[in-house]
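1. Sequence plus the predicted model coming up.
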Amino acid sequence: MTGKKKRPAVRPEKGTQRSKPSKSLEKQSGRAKKRYSHTVFEDWCKKCGICSSFCPKNVIGQDEHGGPVFERPEDCIGCRFCELHCPDFAITVQELDSDTVGDV
Amino acid sequence: MTGKKKRPAVRPEKGTQRSKPSKSLEKQSGRAKKRYSHTVFEDWCKKCGICSSFCPKNVIGQDEHGGPVFERPEDCIGCRFCELHCPDFAITVQELDSDTVGDV
Amino acid sequence: MATVMPKKKRSLLQGNEAIALGALAAGCRFFAGYPITPASEISEVLSARMPRVGGTFIQMEDEIASMGAIIGASIAGIKSMTATSGPGFSLMQENIGYACITETPCVVVNVMRGGGSTGLPTCPGQGDVMQARWGTHGDNPIIVLAVSTVTDCFDITVRAFNLSEKYRIPVVLLSDEVVSHTRETVIFPSPQDIEIVDRVTPSVPPEWYVPYENNSTGIPDMAAFGEGYRYHVTGLVHDERGFPTQHPEEVKTFTNRLFRKLTQGLHEIQIIKTFMMNDADVAVIAYGSVARSAQRAVVDARSKGTKAGLLQLITLFPFPERLVDKVLKQCIRVLVPEMNMGQIYREVQRVNQGKTDVKKYNRIDGQFITPDEILGELLLEE
Amino acid sequence: MATVMPKKKRSLLQGNEAIALGALAAGCRFFAGYPITPASEISEVLSARMPRVGGTFIQMEDEIASMGAIIGASIAGIKSMTATSGPGFSLMQENIGYACITETPCVVVNVMRGGGSTGLPTCPGQGDVMQARWGTHGDNPIIVLAVSTVTDCFDITVRAFNLSEKYRIPVVLLSDEVVSHTRETVIFPSPQDIEIVDRVTPSVPPEWYVPYENNSTGIPDMAAFGEGYRYHVTGLVHDERGFPTQHPEEVKTFTNRLFRKLTQGLHEIQIIKTFMMNDADVAVIAYGSVARSAQRAVVDARSKGTKAGLLQLITLFPFPERLVDKVLKQCIRVLVPEMNMGQIYREVQRVNQGKTDVKKYNRIDGQFITPDEILGELLLEE
Amino acid sequence: MPKEITKLIHKYLRHDKKFPHVWCPGCGNGVILGSLIRAIDRLGLTKDEIVLASGIGCSGRMPVYVDFNTLHTTHGRALTFATGIKLAKPSLTVITVMGDGDATAIGGNHFIHAARRNVNLTAIIINNQIYGMTGGQFSPTTPYGSHAATAPYGHIEHAFSIAELAVTAGAAFVGRGTVYHVQTLDKLIKAAVLKRGFSVVEIISNCHIQFGRRNEMGNPVTMMEWMRDHAVTVEKAEKMTSEDLEDKFTIGILADEEKPIYTEEYDKIRERAGD
Amino acid sequence: MPKEITKLIHKYLRHDKKFPHVWCPGCGNGVILGSLIRAIDRLGLTKDEIVLASGIGCSGRMPVYVDFNTLHTTHGRALTFATGIKLAKPSLTVITVMGDGDATAIGGNHFIHAARRNVNLTAIIINNQIYGMTGGQFSPTTPYGSHAATAPYGHIEHAFSIAELAVTAGAAFVGRGTVYHVQTLDKLIKAAVLKRGFSVVEIISNCHIQFGRRNEMGNPVTMMEWMRDHAVTVEKAEKMTSEDLEDKFTIGILADEEKPIYTEEYDKIRERAGD
Amino acid sequence: MAEERYEVRLSGSGGQGIIIAAIVLAEAAGVYDKKFVCQSQSYGPEARGGTSKAEVIISNQTIDYPKAIKPDLLLSMNQEACDTYFSDLKTDGLLVVDSTLVHQVPTNRVAAIPFTRIARKEIGKEMVANMVALGAVGVLSQIISLENLEKALLARVPKGTEEINRKALHAGIEAAKTIDLKHLPLLAIDEEEI
Amino acid sequence: MAEERYEVRLSGSGGQGIIIAAIVLAEAAGVYDKKFVCQSQSYGPEARGGTSKAEVIISNQTIDYPKAIKPDLLLSMNQEACDTYFSDLKTDGLLVVDSTLVHQVPTNRVAAIPFTRIARKEIGKEMVANMVALGAVGVLSQIISLENLEKALLARVPKGTEEINRKALHAGIEAAKTIDLKHLPLLAIDEEEI
Ligand SMILES: Cc1ncc(C[n+]2csc(CCOP(=O)(O)OP(=O)(O)O)c2C)c(N)n1
Ligand SMILES: Cc1ncc(C[n+]2csc(CCOP(=O)(O)OP(=O)(O)O)c2C)c(N)n1
Ligand code: SF4
Ligand code: SF4
Ligand code: SF4
Ligand code: SF4
Ligand code: SF4
Ligand code: SF4
Ligand SMILES: [Mg+2]
Ligand SMILES: [Mg+2]
């Protein structure tokens, strides 16, 4: 998966990435816990609050306007509820390649 | 029932009564058989053939154009199929008062 | 039953609200509609107010149904109205034609928006003027009025009902996005100062009633359904009794009467306003919101030394030919500014017959015409 | 696939049949309609013939749906048509406006019957002429043609398609009950003699395709859906790419282009026929079946010593102003006979501007105007 | 059953209209008109209370013949006019009569919405399975495979069940009858008019001229025989297997539900709105 | 579930359209757009094969954002245009997206007729129970008793069940989903598009702005929670009592039937017509 | 080329097959005789009974006004039709009546032939009286090729009925041939009367 | 009576409550002060975000042209609105800005007041910044009775929010009173520039 861009095909003109891939490397007991990176395109996010309200693991907090803040990325289970329900295609959840993770 | 007109309220302008009340006086075994008179308003009748085709007692025959001819009025059982199904309100079936009948 | 009018005599109202209140003041007690920008507020206000005065508001499944329902209500004796904008107005045409032919009073409000088809839903336009006259098939007479201020929205709505009732004809009230969404102070007349006209109902006994009588006014008395005057209403051409006919003489009598009744009433049907026309040698002929820009332009032109005047048309159809003719004879130049490609301009031209120089000025970009633009045209050739 | 044309070169056809065959000859391969007197035969003929040539006939649930379906088919690249009469034509207006704004070629046949509303379903009339031009809301350009013979029904239908395809505009073909139910001998041209125009499809690669390009002709190339040129079609006012816009400059450019494309083509859009006009000093201006009565009246008038002539309008809109103007300049008297209250008469008057004496002659009783009536009017003031 | 049916009917006809009526010989429309009149007579309603509204079609010609408040509207729109009349003057008994095309082709939307709203109206739908008036083009109820003026190669569309549509859309009362089963029909119409709420009576009728002739039933008698042989009452149908019911249709009361009617609900709105 | 959902979606968006889209923050329309794109992607259809047609309404703004052959028609008429397109070019996959008002108020007739005809189209109906675009007037699916811009005293009409109407009218496939149950939705849309015949997916969506605000659900989260708490799958519903189901609605595949589609039937007509 | 315009009006009651007769006549003249023709009929509810009419105009030039102005030949298949339309007839036009049903003729310039009786008696089917009449009209109009009339007829009538229709046509032709037009008065309508 | 026409334009972004402020202003002048007023706004999708504007025209006569021609007072609640609309201002008109959000002002004839900050800090609710601004506009326009402005406000705002809105209005009034209009330059826009 190396070489694959982490940004989607359409790059918002003034897009900023609000949260960086989570780099913490905890392991879960038994088998390797998968890690996820979360990207928010601020220019598209309308701060509706859906992602943060429904995240089953409370990964996502809210800023003062209701926009998402990825507070506990390491808790993310990759269910992609946030990504699938974002009406503005503003969230990308990416599974971090174990290789990539290993590289860090 | 004396004094009741045998013609319906609206009299067709050039209406003719094709069949006269049946005057034959057969009796059925046991109880008195009811008698019926049949009036056809020729100006309204469109000779569709419904009355003659469905009469359960074959009371009604057809003239050359399909119009009704009350051939066996004495067989009439007063079911009024003909009257109810005539699309042109051209048939009147009237029960002959036993009094009236007696008078003849 | 609650009072119809707001309690305050002086109110700040949007044009659409004023139309709704005007309808209530005129005695309208049935409204059927289907929402559409920029007319929806009329529905909304009436959905709240109609039940308070014992009237009925219903939102139908579309504009065709709305038009059908108001005709039905009117035949049952209740003054009725619908309101829409271009796309819905197009859909109503078949039933508007039915109202014309059956001479059923009702008021159809069309708040014009910009562009054809879905167009520019939130921008103003005046593109439906000719449609208001010619949108139905066949050749039906109709009355078309245009409003330009919020006060008009109240007053002219009342007059629309009055004309509709008196002449037994649908009246199209044309508003536009500018007027309908502008808020202005409206000073309500006292109820006793509002002239209300009701259709004439038959005074003869039912046996004598001839529902489409070819009488001298051309306007037969109208019985409401259920009042003992049983008669037949049909969109087919009909005889004086209301029964279908194809007999050329009867057809002719009927159609001629439909037009005659309006011709005989032109003096009160054709409403205009004039502004500084007395000594004008240059005139603007305008209607709707654009008349307001024109009025300002006239003031400005006068201040620049041009003897300008304004003929504001409130009645667009039957087109006030004689009144326009007077202006055409008086002035050396006439300007017709419109938010369309020049629709009333065509009518003015038709009347003109070479008498004077008639120019058009048009915007079709969804923008309101400004006084400066009109002024520019007025002064152009000086 | 079967041949499109009847095998015999010479056929006895009803006007409605000829319209159906004309459509097939023009390449129409999709018809959607809803029955109505006196247009139903067009549907009936095409329900039998369309499948034979690989085309599609569908009877929709109403006229609104029919109009929607033919626009859809046209956007998919297939020439399409519907046919109706007054009431259905009224219902089609909203979607006709959509076709105008989206510049979707299609032909709408309106076989006019008598009267407004349900009117006189089996009698002739010409009451929908102004509606054909002004029936849509907004201010949409459109082409309106009128036929007067069965041969016209074939020929002019082909031309209707050609103009529609070339100018990307709906064309309304007005027939009337007289023409549509008259049977006449039609001599079919050989296929190679029939000029067929197809819309121009883009030749550029999809990335370069600008679906509503403001080019010099004003007529953008039209890609069919599914051919690799993915673009957006909307009834909202749109920019050159087809995306909705409210930007005044873009709106103006767009609307102006819609009118410009016709203006630039007037020479071929405005079709007329003249009869004995060379030295005429009295003229009849007529269209549709009435033009036939007029032609006979002209002959009769000549036989009585009056130099009469006929200007027959095939294109009613865009109104052939210059061609009419020529006649108005030439003649001392012009008569406009119509089976309505005087609709084209208004247009003639508008153009006239006092040049000559224009009279109207109208029947609104469902009866065809006879040559004698026209003759009477022609000779009236001699 | 009154002794002189036809006499009774004449009481309601318009004496100043030209009879015989315009319909073809044997057309079911006449039978239905009779049935409607008998039902109204039995309900004891006065002529002044009744509004009879129609759309356009052969069926649409019915109102002109009867001495009620009568209305011949535009094609497909009878229910919209009727809604306006009923809401404006709830004391009137408002009945609409529509053809299958009128009610379910162009008028289909008004039909389902009237049912949904449950305005207290009666809709009589004369289902002759064809557009009669315009010359026999197929309608939404023309059976698959049959022939019509616009289905010269056999019809490829499937028919609506008018009654089922009405039920799904929310009608309070739905019945189906035929012009053969006239006495049932009288009762159905009576029950429908009596019903408080939107009531529908679908009537299978014969257009032998436009439908029958093209489908080997060129006269009213064969068409009525077909009705006789293919209709089963709801009660009977319940005891039949679906196989037996294959080519049959049911007649009788198909749905009858109590639900609040629009005018009453609106009265509540008026109260809530207050002053 | 592909690894990068949003990236996939961006592949289908129109790069030259202004984003973010026009819809309100949290509007279900955006969720549905995502679902539709995923379904199409999974079906492996090319952009050129797809036609997406809408009517007028907030929902009607959807086509402009995606790189298919897109069509924004008149209010209520999307299915009529779609029918023309499909019959003219049967190789195209034609999908319509409509609002509840669009599809069942003004467009109700086209809806039931498209179902009856069984033209191979997919109708996605975004049921947000309100006229969103025009400012919150009630629609044919607005629940009894709720508030709307034109129902200030509480709504007195009863709602259509869109799915049931579709079934009765003859649709070959009918599904219901919500914007909360997105993964089910993806599958429903996929199945519907795949279905040969007229397929309907009714999607319960949130217009918290126009409907929610007036009905104590002023934000997308409360509305989605409502969906979560009131939807039960068809499978589950079968095991529930009608009492338990009282305030619930079902989601999943509600009808799936094989029947001949219009274009195939018409091909037969062409054969029969011959030369 | 001078205009030679010949106008035929066929009249009768709704069910008498007037229109199909007119169409066959028009087709014979227009398609087979290669003249210009124009055929029209009264259309609509009237056609469901009542008096109905159909017209055929035959000309050597394109036809302007498509309706009969003053028919050269009027066929009346019943009394009412005869009464209604006779006055339009050209003063020197010819009236042709079905003498089975028309008993009062308003002129002596008339060819009275019992079409219905011929159809009933000779052909055995009253319904083809229209074709008997058509045959007579073909002869009496003197402007149509009888051969082409037969061709046109065979092409228009429903399959299986060709023979009976052909027979009817010929019965009409034969009947008409017995009429000597030269011996009829020259004027059907007294010009003074008009 | 000479025409005295005073034009106010309020501008800001979609959610800032510009329109309600304009309505209150219009109602105060039109209903309570009994002047002629005319209030309009940009309507439509723009109103869902983006720059929005609302206008109030106050006059002692009926108002012809209903839109602002050259505003006498422009309120800009954000930078974009200020940039967009400033050039329309009358040369001697007054610019009023929310200095919390507008940092670059194009003129010195400006009343810069931190409406949003006042709302947030003093009233505790950013949402009422519009009413703070309205109070200031009331003062600075000098043509409106402040008492009536309050009356109009109380009549228009949702029940239960009267107090907070009243407070906000007064905060705005107070803030504006500190501004000495006499010390501002006489021209907002250099006439030369135009
Ligand atoms: C808007 C409109 N479209 C079409 C017609 C033509 N039209 C008249 S009646 C009819 C259909 C009649 O069928 P149906 O409703 O079944 O009535 P029936 O004649 O069979 O009783 C049609 C299509 C019309 N009058 N108005
Ligand atoms: C003929 C016509 N009537 C009315 C309108 C106004 N209009 C636009 S969208 C709409 C309803 C929108 O509701 P819905 O279809 O449920 O879509 P939503 O906005 O909720 O997605 C209406 C009534 C129109 N555009 N055209
Ligand atoms: S769901 Fe999307 S738009 Fe909503 S807050 Fe989260 S990222 Fe923003
Ligand atoms: S993928 Fe699931 S767990 Fe991870 S942030 Fe999104 S909603 Fe939370
Ligand atoms: S049913 Fe009536 S119309 Fe038909 S034949 Fe009998 S009497 Fe005549
Ligand atoms: S009443 Fe019955 S039995 Fe008597 S004639 Fe009529 S149908 Fe026959
Ligand atoms: S055409 Fe059919 S429905 Fe119409 S009157 Fe004749 S039989 Fe009845
Ligand atoms: S108004 Fe409702 S449906 Fe429309 S975009 Fe906003 S939330 Fe969505
Ligand atoms: Mg029918
Ligand atoms: Mg909705």
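-> Good, I have the coordinates. Ligands and ions are numbered 1, 2, ... in the order given.
2. for chain A, which spans come out with low pLDDT?
-> Scanning chain A for pLDDT under 70 picks out the ranges A:1-32, A:98-104.
3. Now the element after the helix or strand of chain E with the lowest mean pLDDT, going C-ward?
-> Using mean pLDDT, DSSP states H and E, the weakest-scoring helix or strand in chain E turns out to be helix E:5-12, at a mean of 90. Going down the chain from helix E:5-12, the next helix or strand is helix E:28-43, by DSSP states H and E.
4. Show me what counts as buried in that following helix.
-> If you call a residue buried by 16 or more other Cβ atoms under 10 Å in any protein chain shown, then helix E:28-43 has these buried ones: E:28-42. For glycine as for every other residue, the C-beta is placed from the backbone atoms N, C-alpha and C.
5. Which residue ranges of the stretch 51-200 of chain C form helices?
-> Under the criterion DSSP state H, counting those that start in this stretch, the stretch 51-200 of chain C contains helices at C:63-75, C:86-102, C:129-134, C:150-167, C:177-181.
6. Export those to TSV and append columns for mean pLDDT and mean neighbour count.
-> Converted to TSV, the helices of the stretch 51-200 of chain C look like this (pLDDT from 0 to 100; neighbours: other Cβ atoms under 10 Å in any protein chain shown):
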stretch	mean pLDDT	mean neighbour count
helix C:63-75	98	32
helix C:86-102	98	29
helix C:129-134	98	26
helix C:150-167	98	25
helix C:177-181	96	28
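7. Show the residue spans covered by the strands in the chain.
-> Assuming you mean chain A. Listed in chain order, the strands of chain A (DSSP state E) span A:36-40, A:60-62, A:68-70, A:91-95.
8. Can you look at chain G instead?
-> With DSSP E as the definition, chain G shows strands at residue ranges G:5-13, G:36-41, G:51-59, G:73-76, G:94-98, G:110-113.
9. Output the fifth one in PDB with nothing but the alpha carbons.
-> What follows is the C-alpha trace of strand G:94-98 in PDB, where atoms were taken according to Å, rounded to 0.1, in the frame of the first residue of the first chain:
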ATOM      1  CA  LEU G  94     -78.000  15.200 -59.100                       C
ATOM      2  CA  LEU G  95     -79.900  13.700 -56.200                       C
ATOM      3  CA  VAL G  96     -79.500  10.000 -55.600                       C
ATOM      4  CA  VAL G  97     -81.700   8.400 -53.000                       C
ATOM      5  CA  ASP G  98     -82.300   5.000 -51.500                       C
END
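10. and that strand, which strands flank it?
-> strand G:73-76 (parallel), strand G:110-113 (parallel) (DSSP bridges).
11. Quick check: buried residues in it?
-> Neighbour counts over strand G:94-98 (16+ other Cβ under 10 Å) mark G:Leu94, G:Leu95, G:Val96, G:Val97, G:Asp98 as buried.
12. hmm, who's touching it?
-> Counting by Cβ atoms under 8 Å, 6 or more residues apart in numbering or on different chains, the neighbours of strand G:94-98 from elsewhere in the structure are G:12, G:72-78, G:82, G:86, G:89, G:105-107, G:109-116, G:129, G:133, G:136-137, G:140, G:181, G:184, G:188.
13. Filter those down to the ones in helices?
-> Secondary structure assignment (DSSP state H) places G:Cys82, G:Phe115, G:Thr116, G:Ala129, G:Ala133, G:Ala136, G:Val137, G:Leu140 from those within helices.
14. What subset of those is buried?
-> Among the ones in helices among the contacts of strand G:94-98, those buried by neighbour count (16+ other Cβ under 10 Å) are G:Cys82, G:Phe115, G:Thr116, G:Ala129, G:Ala133, G:Ala136, G:Val137, G:Leu140.
15. ok, of those residues, which one's closest to ligand 1?
-> Nearest to ligand 1 among those: G:Ala129, at 30.3 Å, using Cβ to the nearest ligand atom.
16. Settle this for me: that closest one is touching G:Gln16, isn't it.
-> Yes - taking Cβ atoms under 8 Å as the contact criterion, G:Ala129 and G:Gln16 are neighbours in contact, 6.9 Å apart.
17. Give the residues shared as contacts by these two.
-> Taking Cβ under 8 Å, 6+ apart as the criterion, G:Ala129 and G:Gln16 both touch G:Met77.
18. Using CSV, please lay out the strands paired with strand G:94-98 together with distance to ligand 6 and mean pLDDT.
-> Conversion of the strands paired with strand G:94-98 to CSV gives the following (distance: least, Cβ to the nearest ligand atom, whole Å; pLDDT from 0 to 100):
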stretch, distance to ligand 6, mean pLDDT
strand G:73-76, 39, 97
strand G:110-113, 42, 96
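19. hmm, back to that, switch the buried ones among the ones in helices among the contacts of strand G:94-98 over to CSV, and while doing so, append pLDDT to every line.
-> Formatted as CSV, the entries for these read as follows, by pLDDT from 0 to 100:
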residue, pLDDT
G:Cys82, 94
G:Phe115, 97
G:Thr116, 96
G:Ala129, 96
G:Ala133, 98
G:Ala136, 98
G:Val137, 98
G:Leu140, 97
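20. rewinding a little: return the most buried member of the strands paired with strand G:94-98.
-> Mean neighbours per residue, mean count of other Cβ atoms under 10 Å in any protein chain shown, is largest over the strands paired with strand G:94-98 for strand G:73-76, with a mean of 30.
21. what about stretch E:96-105 and ligand 9, any contact?
-> Yes - legend: contact between stretch E:96-105 and ligand 9 by Cβ under 5 Å from the ion is shown at E:Gly99, E:Asp100.
22. List the contacts of E:Ile37.
-> E:Ile37 makes contact with E:Leu8, E:Ile9, E:Tyr12, E:Val66, according to Cβ under 8 Å, 6+ apart.
23. same deal with G:Leu101?
-> Neighbour list for G:Leu101: G:Met77, G:Asn78, G:Gln79, G:Thr116 [criterion: Cβ under 8 Å, 6+ apart].
24. Now for those: which two are most distant?
-> G:Gln79 and G:Thr116 (12.4 Å; Cβ to Cβ).
25. thinking again about what came up before, which among the strands paired with strand G:94-98 is found nearest to ligand 2?
-> Using Cβ to the nearest ligand atom and comparing the strands paired with strand G:94-98, the one that lies nearest ligand 2 is strand G:73-76, at 53.6 Å.
26. what's the spacing between that closest one and its chain's center?
-> Here the centre of mass of C-alpha atoms in strand G:73-76, compared against the chain's by Cα atoms, centre = their mean, to the nearest Å, lies 5 Å away.
27. re the thing from before, got a PyMOL select line for the buried ones in the contacts of E:Ile37?
-> Only the buried members of those enter the following PyMOL selection, criterion being 16+ other Cβ under 10 Å:
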select buried, chain E and resi 8+9+12+66
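28. got a markdown table for the contacts of E:Ile37, with distance to ligand 3 too?
-> Written out in a markdown table, the entries for the contacts of E:Ile37 read as follows (distance: Cβ to the nearest ligand atom, whole Å):
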| residue | distance to ligand 3 |
| --- | --- |
| E:Leu8 | 71 |
| E:Ile9 | 70 |
| E:Tyr12 | 67 |
| E:Val66 | 63 |
